[in-house]
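*Asks:* Need the 3D shape of this:
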Amino acid sequence: MIKKTLLIILALLSSSALAGISDVFRDETGKTNWQHLANWSSGTLIIILAIVILSLFAAHRRLSKSNNKLRTIRVELEDRVVERTATLDTANKQLTRSNQLLAVEVDQHLGTSQQLLTSEAYTRNILASMPIVLVSLDAKGNVTQWNRQAEELSGIASTTAIGNNLWQVYPEIILTWQQVQQVIESGESVTYPHRQRGVYFYDITLYPLHGTDTQGVVILVNDVSKQKQAENILVHNEKISSMTELASAMAHDINTPLQGMLLDLQSFQQLLAKKAASQVLTQTDVVKLNTLLTDASSRAETVASIVKNLLRFSRGRSEAKQLQRVTVLLDNALMLASDMLSLPGKLQFSDIDIARDYQSKLPLLACYPTELQQVFLNIIRHACYAMEHMPDNAAKPCINISVSKEQDSIWICLAHNGAILGDEEQISIFEPSLSVILPQRDVDSQKRLSFSNFIITDQHQGQMAVTSDRENGTKFHIQLQLDIDQ
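*Replies:* Numbering: from 1, shown residues only. Here you go, the predicted model:
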């Protein structure tokens, strides 16, 4: 608008415009009417000033609006700047925190890596220092681990063995690839005993690898030669100790009928000596002689039965176990005790009450009948000797026998109300007699059941224990595992 006003003023001030205007302000005489010109000029100036003022006011309004917009924009920009600054500060703080966490994590990873390296080195040292041979194979039969013992046994370095097929590296190994495959497929460990030249014994155990994506197997070869030798020595000492106990027990059993036989023979000889002069035997003499011979024969049969049982026992067990009813073996042991068991005191086996508590429908047990029956007989003999030391006013001697099936085992309990065992006796009753190792030690074989414990634990893989107190008496507990496949 200011531009338009200036153009109008310039147009009015132009020569032609001025000439036209000047004509307006002349009178009839041609003189200029300065009063009219002054009035017109002042009016024009006033109009122009009004226009300029309006233009300036409009410009001021526009400038104010622009300033307001600029201030609004500035405030918005400042808010945005503050917001962006806060965002940047937060981002910087988060970035700083992330950098710190990353630094900590990097340190942890470095520490973990160092620990892994240390653990790997430690594991390698353990594997190298193991006193047994350790070899690991992958699913293709290639060697992945070959420790120092494997190197010493085979003479092959680990650098040569690792990465190659086991049977190409060490063809002398007695294992076959089929055995390794069987362990990998079944997922169960298997042990193969190996005997070399009758002197060295090895246990070769195969363990499948679990918890890994790749299949494989670990082979452990353990030299058990010293262990086998120690076991053989222990069994030999145990047998010697047991034979001492057995010989002492059989001597007690045989002594009584032999003494009776000697007494009968002496009576027979004395009767014959008295009748030798007259050389005439009366009917009464014949009856006496027959009575003596019958009694001697009966005692001889008792001795023969004891010797027969001893010989049958000395021949050892059969190669395979036999299926037997435990109750039948117990009853047979009671019959043998009644027939041949002799006690040194006044107590007779017939004076003892026998109480049986057999569970019905008991399964057959795979066992060695002769040896198991000998165990029962030894425990019965032990009970009889304990009841020999009962006071005269004590209750009547009694043996309680119970047999039951619990889960996959046969449980046998032989209890008596005789003299109880002390704490030390309960501990040592299943230990070998020291008189075998230390002859100066006089140990009563009747107080030992080491061979019976050997038969139960070693030959039948069972358990045997004893409890003894005044309230419950003495109880012998036997657990025998049933064959789950029968």
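
*Asks:* For the longest helix anywhere in the chain, which helices and strands make contact with it?
*Replies:* Secondary structure assigned by DSSP state H gives helix 34-129 as the longest helix of the chain. Packed against helix 34-129, as judged by 3 or more CB pairs under 8 Å, 6 or more residues apart in numbering; DSSP states H and E, are the following elements: helix 2-13, helix 15-24. Backbone N, C-alpha and C define where each C-beta goes, glycine included.

*Asks:* any idea of the mean pLDDT for the longest one?
*Replies:* Confidence for helix 2-13, expressed as mean pLDDT, is 58.

*Asks:* still on that earlier bit, give the rounded mean pLDDT of the longest helix of the chain.
*Replies:* Across helix 34-129, pLDDT averages out at 84.

*Asks:* Ile184 is in contact with His210, isn't it?
*Replies:* No - counting by CB atoms under 8 Å, Ile184 stays clear of His210, with 10.9 Å between them.

*Asks:* List the contacts of the helix or strand following the longest helix of the chain.
*Replies:* Scanning forward in sequence from helix 34-129 by DSSP states H and E, the next helix or strand is strand 133-138. Here strand 133-138 makes contact (CB atoms under 8 Å, 6 or more residues apart in numbering) with 127, 143-147, 149-150, 153, 161, 166, 180, 209, 214-222.

*Asks:* mind redoing it with 7 Å?
*Replies:* Applying CB atoms under 7 Å, 6 or more residues apart in numbering, the contact partners of strand 133-138 are 127, 143-147, 149-150, 153, 166, 180, 214, 216-221.

*Asks:* Direction included, what does the helix or strand that it is followed by pair up with?
*Replies:* Per DSSP H and E, the first helix or strand lying C-terminal to strand 133-138 is strand 143-146. Applying DSSP bridges, strand 143-146 is found paired with strand 133-138 (antiparallel).

*Asks:* Okay, buried residues for stretch 216-223 please.
*Replies:* 216-223 (16 or more other CB atoms under 10 Å).

*Asks:* Mind jotting down where the helices sit in the stretch 251-400 of the chain?
*Replies:* Under the criterion DSSP state H, counting those that start in this stretch, the stretch 251-400 of the chain contains helices at 283-314, 326-340, 369-388.

*Asks:* so how many other residues sit close to the residue nearest to Ile204 when sequence neighbours are not counted?
*Replies:* Nearest non-adjacent residue to Ile204, counting by CB to CB, 6 or more residues apart in numbering: Tyr192, 4.6 Å away. The criterion is other CB atoms under 10 Å. On that basis, Tyr192 has 13 neighbouring residues.

*Asks:* Kindly report the same for His389.
*Replies:* By other CB under 10 Å, 11 other residues sit near His389.

*Asks:* how about the residue lying closest to it once chain neighbours are set aside, phi and psi?
*Replies:* Nearest residue to His389, sequence neighbours excluded (CB to CB, 6+ apart): Ala419, at 4.3 Å. As for Ala419, its main-chain torsions (degrees, to the nearest 10) stand at phi -60, psi 140.

*Asks:* Same check on Gly462?
*Replies:* Dihedral pair for Gly462: phi -110, psi -170, per degrees, to the nearest 10.

*Asks:* what's the answer for Asp408, then?
*Replies:* Dihedral pair for Asp408: phi -110, psi 30, per degrees, to the nearest 10.

*Asks:* and what of Leu220?
*Replies:* When read as degrees, to the nearest 10, the backbone of Leu220 gives phi -110, psi 130.

*Asks:* Repeat that for Ser360.
*Replies:* Phi and psi for Ser360, reported as degrees, to the nearest 10, are phi -80, psi 150.

*Asks:* mind listing what's buried in stretch 404-421?
*Replies:* Neighbour-count burial for stretch 404-421 [16+ other CB under 10 Å]: 409-412, 414-421.

*Asks:* Give me the pLDDT for the residue nearest to His389.
*Replies:* If you check Ala419, the pLDDT there is 86.

*Asks:* was I right about it contacting Glu388?
*Replies:* No - Ala419 is not in contact with Glu388 according to CB atoms under 7 Å; the separation is 8.2 Å.

*Asks:* what about Ile184 and His210, which has more around it?
*Replies:* Neighbours were counted for Ile184 and for His210 using other CB under 10 Å; Ile184 has more, 17 against 7.

*Asks:* Report whether that one is found in a strand, as I expect.
*Replies:* No - Ile184 is assigned helix when assessed by DSSP: H, G, I helix; E, B strand; the rest coil, not a strand.

*Asks:* OK, contacts around the residue lying closest to Ile352 once chain neighbours are set aside?
*Replies:* Residue nearest to Ile352 in three dimensions, not counting chain neighbours: Pro397, with 4.5 Å by CB to CB, 6+ apart. Shown in contact with Pro397 (CB under 7 Å, 6+ apart): 347, 351-353, 387, 390, 417-418.

*Asks:* Show me which of those residues has the smallest pLDDT value.
*Replies:* Met390 (75).

*Asks:* The nearest residue to that one once chain neighbours are set aside sits in which helix or strand?
*Replies:* Spatial nearest neighbour of Met390, excluding adjacent residues (CB to CB, 6+ apart): Gly418 at 5.7 Å. Per DSSP H and E, Gly418 falls between elements, in no helix or strand.

*Asks:* my read: Gly418 touches His382, true?
*Replies:* No - contact criterion CB under 7 Å: Gly418 and His382 do not qualify, at 9.0 Å.

*Asks:* CA atoms of stretch 200-209 as PDB?
*Replies:* What follows is stretch 200-209, C-alpha atoms only, in PDB (Å, rounded to 0.1, in the frame of the first residue of the first chain):
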ATOM      1  CA  TYR A 200      46.500-109.400  34.400                       C
ATOM      2  CA  PHE A 201      42.800-108.600  34.900                       C
ATOM      3  CA  TYR A 202      41.100-105.700  33.200                       C
ATOM      4  CA  ASP A 203      37.600-104.300  33.400                       C
ATOM      5  CA  ILE A 204      36.600-102.600  30.100                       C
ATOM      6  CA  THR A 205      33.600-100.400  30.600                       C
ATOM      7  CA  LEU A 206      31.800 -98.600  27.800                       C
ATOM      8  CA  TYR A 207      29.800 -95.500  28.700                       C
ATOM      9  CA  PRO A 208      27.400 -93.800  26.200                       C
ATOM     10  CA  LEU A 209      27.700 -90.000  25.900                       C
END
